[in-house]
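Engineer: predicted model and sequence below, questions to follow.
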Amino acid sequence: MNPSKKPGKKSIVKTAVKTMPVEWYNQYPLRKYFPVIIVMLCLLLYGNTFHNDYTEDDSVYTKENSLVRHGFSDVKYLFTKGSMYGFNQSNRSSYRPLMLLSFMTEASLFGMNPHVFQLFTVLYFTLTCLILYFFLQKILEDYNPAVPIAGTLLFIFHPIHTDAVANFKGRDEILTLMFGLLSFYLLLQYVEKKKIGSLIVSIIAFSCSLLCKETSTSYLVIIPLVLYFFTSSSLKETAKLTIPFAAIVLVYLFIRETNFGNVTTDIKITIINNSLMAAKNSMDRYATNFVMLGKYLYMLFIPYPLSWDYSYPQFPIVSWANPGALIALLLYIGMGVLIIRGVKKKSIYSFAMLFYLITLFLTSNLVLVIACSFGERFLFSPSVGFCLAIPVLLAKGVKLNPGEKAGKKIETYYGLIGAILVIYTFIVIPRNADWENNYTLFKSGVKTSPNSARTHGALAEIYMDSAQKPHISEQAQKYYYGLATHEFKRVAELFNTDPNGYFNLGLCYANEGYPDSARLSYRKALELDPKFYSAANNLGVIYYNSGQYDTAIAYLNTVYKANPADINALMNLGVIYQAKKNYGLAIYYDSLILKNYPNNTVALVNLSGIHNEIGMQYVSDNELDQALAEFTIALRYDSTSTNAIGNIGVVYQKRGEDEKARYYYQWALSKNPNDPVFNRDLQILNARPKK
């Protein structure tokens, strides 16, 4: 309830019935040293992440992002380009310049060291936890000091945060909340002490939050709620204080819209990125959406098992007949009722639930559809509401008084919180280890999200990369391709309308030596997407290898017609026509490659081989001048061609020009000393009596 106040004076709202003595409050031992304990706990809990390598999207924002790699010379582009611009030149994506600036600073000082990036990410998380503690102290000022301590501990230990803390790309979530909490805290400081500096820094912190991630725009709604629930400010005063923050958001949105597109994205959302796109109608979509929203609530209370991905069809499309959808809907309706009933009383539970709902809204897919249907990282900010409500609820349950310093109640309270933290610890530390590298992460994802096509596809690609490493034995190569095939078969089962899964499965079959299985997979990919030209190209290769040249040409021509500059189609058509002895068309297609890629080694070698073959036909017909011309052209295309050099020697030998023939044979053998044909010809030549 509100205490009595002098006219004109603003203060923090008191929510407890009894106020503890200030001198005792300041002497509370755990409260006094708790900031140091926060630092120690964060470093201990996440210390096993410091050796983590690049995982998932980490490299996209660091070593593969030119804006970060080039250092401070490109700092101006961080604020004028989209965050993905340095990776793929896309300016229609996320806008998170402060996150990139943090990476740029660390890269400039320590190089592209993933361990340094991870260390600083944990340090930012630690700073966030410190600010959260001071914020909770401020809004829970009349509660027992154990309550804000417990809330902070729950936040530090909550396993749902590993998705943001254990990989350094997740620092966008961390920095967003860090600056947001700082803004809320300083705003309360301003209302309490009327120091204009606190308000200015609060606005600056809020601006920084916006520059870390787009979802921080939801904090604009939190600001008047903070003022309403925890100060005695009138509605008019609350509105006046909210105006500068609203102005900042409007400026941000204008800049964002003008330079980078809307807050979400204008890129087409695919099923693999957002499962909700698989829904046949809006009713099923919303039913499935509420299943996911129910899962968010579930994971706040039971954060196990955890996964890096929940893509299609981990959450299958359901109708409103699904019990999970109905239960989730009722839970959220219940939250709404409790919020409405508690708002007038300024209930801390109402604020906690509002904080959860508001900060989750932009990533909930209820109104704005984003390129992800579900993610643990989306609970990083909303979990503050959970970590606020649970300690207050437990304090009420054990009837913990504000002035309680020792005794059964405080022991029971800490015992309950401690039990939760122990359970969390046994989840967090092993989960951190999953983020060590992409293999450990993707391997864990297959176990914890077994119905996600993306988790199986990601692990399959790891196996394919292992199979393609240089100097790997044939046995090991087949082993890894076999593992990749197993995972891609699972992808095709889970997402049988996706041509990519069948295409990758075809690649594995082809590399394992099963051309018939590969052919079926490529055909399935083409059935699903007739414009999947990579599948058509690979089918052409399979038919070529089986000697079915005309069928191979038919597939490759579809690729060539769709893209006359497709280097693979041109190269393969050249090879096939060379095999058919249609040298004119073979030269035509290889010459088209050189038109676009003048120094393409493969095309040059192929053309050299074609002219060698033509030259050998002239040799067999004893048309030596034409043969010499062809071999000379072959040598022009490939100056290292042993065949072209030696065959010129053959022409000169047939002409009786032995010295020239000997010169070219010796030249050819200097390239390949063990060539049996030219060694034999040189021996025959040397055995002749000199003229």
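Structural biologist: Cool, the structure landed.
Engineer: give me the below-cutoff pLDDT ranges for this structure.
Structural biologist: 1-30, 92-93, 261-267, 690-691 (pLDDT under 70).
Engineer: count of residues packed around the closest residue to A433 other than its chain neighbours?
Structural biologist: Residue nearest to A433 in three dimensions, not counting chain neighbours: N48, with 6.2 Å by C-beta to C-beta, 6 or more residues apart in numbering. Quick note: C-beta positions are derived from backbone N, CA and C, even for glycine. Counted with other C-beta atoms under 10 Å, the burial measure for N48 works out to 17 neighbours.
Engineer: residues contacting N48?
Structural biologist: I429, N432, A433 (C-beta atoms under 8 Å, 6 or more residues apart in numbering).
Engineer: among these, which are located in helices?
Structural biologist: I429, N432, A433 (DSSP state H).
Engineer: what's the distance between the last one and T49?
Structural biologist: Spelled out, that is A433. According to C-beta to C-beta, to the nearest Å, A433 stands 8 Å off from T49.
Engineer: equivalent analysis for the second one, please.
Structural biologist: For N432, the distance to T49 equals 5 Å [C-beta to C-beta].
Engineer: anything in contact with each of the two?
Structural biologist: By C-beta under 8 Å, 6+ apart, N432 and T49 have these common neighbours: A166.
Engineer: neighbours of G547, how many?
Structural biologist: The local packing of G547 (other C-beta under 10 Å) involves 9 other residues.
Engineer: please name the nearest non-neighbouring residue to L78.
Structural biologist: In this structure, L78 finds its nearest non-sequential neighbour in P97, 4.2 Å apart by C-beta to C-beta, 6+ apart.
Engineer: what's the answer for L592, then?
Structural biologist: Here the residue nearest L592, using C-beta to C-beta, 6+ apart, is L570, at 5.3 Å.
Engineer: quick check: phi and psi on T231?
Structural biologist: Main-chain torsions, T231, degrees, to the nearest 10: phi -140, psi 170.
Engineer: so it bridges to which residues?
Structural biologist: Applying DSSP bridges to T231 gives these bridge partners: I12.
Engineer: count of neighbours near it?
Structural biologist: Using other C-beta under 10 Å, T231 has 22 other residues around it.
Engineer: surely it and V191 touch.
Structural biologist: Yes - using C-beta atoms under 8 Å, T231 is in contact with V191, at 4.7 Å.
Engineer: find the residue closest to I645 in space, skipping its chain neighbours.
Structural biologist: Leaving aside its sequence neighbours, I645 sits nearest to A668 (C-beta to C-beta, 6+ apart; 4.2 Å).
Engineer: could you list every residue that touches that neighbour?
Structural biologist: T642, N643, I645, G646, G649, D675, F678.
Engineer: quick one: name whatever helix or strand follows the host helix or strand of A644.
Structural biologist: Under the criterion of DSSP states H and E, A644 resides in helix 642-655. Heading C-terminal from helix 642-655, the first helix or strand you meet, by DSSP H and E, is helix 658-671.
Engineer: what is whichever helix or strand comes after that next one packed up against?
Structural biologist: Where DSSP H and E defines the elements, the next helix or strand beyond helix 658-671 is helix 676-687. On a contact count with 3 or more C-beta pairs under 8 Å, 6 or more residues apart in numbering; DSSP states H and E, helix 676-687 meets helix 642-655, helix 658-671.
Engineer: any idea of the angle helix 676-687 forms with helix 642-655?
Structural biologist: Here helix 676-687 runs at an angle of 30 degrees relative to helix 642-655 (axes from the mean of the first three to the mean of the last three C-alpha atoms, to 10 degrees).
Engineer: ok, and what's touching helix 676-687?
Structural biologist: The contact list for helix 676-687, computed with C-beta under 8 Å, 6+ apart, reads 642, 646, 649-650, 653, 658, 661-662, 665-666, 668-669, 672.
Engineer: now distance to L354 and neighbour count too, for the contacts of A668, in TSV please.
Structural biologist: Formatted as TSV, the contacts of A668 follow (distance: C-beta to C-beta, whole Å; neighbours: other C-beta atoms under 10 Å):
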residue	distance to L354	neighbour count
T642	78	17
N643	79	24
I645	81	25
G646	84	26
G649	88	26
D675	82	17
F678	85	25
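Engineer: per-domain residue ranges of this structure.
Structural biologist: Taking automatic domain parsing as the reference, the chain has its domains at 25-63+112-429, 599-691.
Engineer: out of those, flag the one nearest G513.
Structural biologist: Smallest distance to G513 across the domains of the chain (C-beta to C-beta): 23.3 Å, for domain 599-691.
Engineer: the nearest residue to A325 once chain neighbours are set aside: neighbouring residues, count only.
Structural biologist: Here the nearest residue to A325 in space, its sequence neighbours aside, is A287; by C-beta to C-beta, 6+ apart that works out to 4.1 Å. A287 is flanked by 22 other residues according to other C-beta under 10 Å.
Engineer: A287 is in what secondary structure piece?
Structural biologist: helix 282-301.
Engineer: what helices or strands is that helix leaning on?
Structural biologist: Counting contacts by 3+ C-beta pairs under 8 Å, 6+ apart, helix 282-301 packs against helix 323-343.
Engineer: what about 10 Å?
Structural biologist: Packing partners of helix 282-301 (3 or more C-beta pairs under 10 Å, 6 or more residues apart in numbering; DSSP states H and E): helix 323-343, helix 348-361, helix 383-397.
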